[in-house]
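**Q** Build the 3D model from these lines:
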Amino acid sequence: MNSDQLDVTFAALADPTRRTILSRLADGESSVKDLARPFRISGPAITKHLKVLERAGLITRGRDAQWRPCRLDARPLREAAAWLVDYRRFWEESFDRLDDYLRSLQTRPRATRSKSHGHRK
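**A** Residues are numbered from 1 along each chain as shown. Presented below is the predicted three-dimensional model:
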């Protein structure tokens, strides 16, 4: 994924309203009116959110007479997740090192543990 597309994807995901819209579309296509229903914002504000999601490639909007269905397009999410994998590995390795360190502290004799942390008996 190129850096510009990644920026656009994460910018679109930065807003909780847009994340909620994506979650709802994960269950299937929906009309703009149905997507707007749970939010206490204006129709034009929902339309702006949808345009941001559409520019990011996260949704597609169709036209079927009066009905304008919105559909999730998860490809940019897959690409963003692939970019995050390296960071997941970093954190997993960090937690593994922390686990190893904590186990080593538990296996040391009690007197040694107290001295190493500056505790007095």
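
**Q** contacts, neighbours, all on C-alpha from now
**A** Noted.

**Q** which SSE is C70 in?
**A** Following DSSP states H and E, the helix or strand that holds C70 is strand 69-72.

**Q** Return the list of strands paired to that strand, each annotated with direction.
**A** For strand 69-72, the pairing partners within the sheet under DSSP bridges are strand 30-31 (antiparallel), strand 59-61 (antiparallel).

**Q** so how far is the first one off the chain centroid?
**A** Averaged C-alpha coordinates place strand 30-31 at 22 Å from its chain's average position (CA atoms, centre = their mean, to the nearest Å).

**Q** thinking again about what came up before, roughly how far is the next helix-or-strand element following the strand holding C70 from the heart of the chain?
**A** Towards the C-terminus, the helix or strand next in line after strand 69-72, according to DSSP H and E, is helix 75-107. The offset between the C-alpha centroid of helix 75-107 and the centroid of the whole chain comes to 16 Å, using CA atoms, centre = their mean.

**Q** Please spell out which residues along helix 75-107 are buried.
**A** Judged by neighbour count (16 or more other CA atoms under 10 Å), helix 75-107 contains these buried residues: P76, L77, A80.

**Q** So which of those is the closest to L53?
**A** Out of these, the one with the shortest distance to L53 is P76. That distance is 10.5 Å, counting by CA to CA.

**Q** Any stretches of the chain with poor pLDDT?
**A** Judged against pLDDT under 70, the low-scoring parts of the chain cover residues 1, 111-121.
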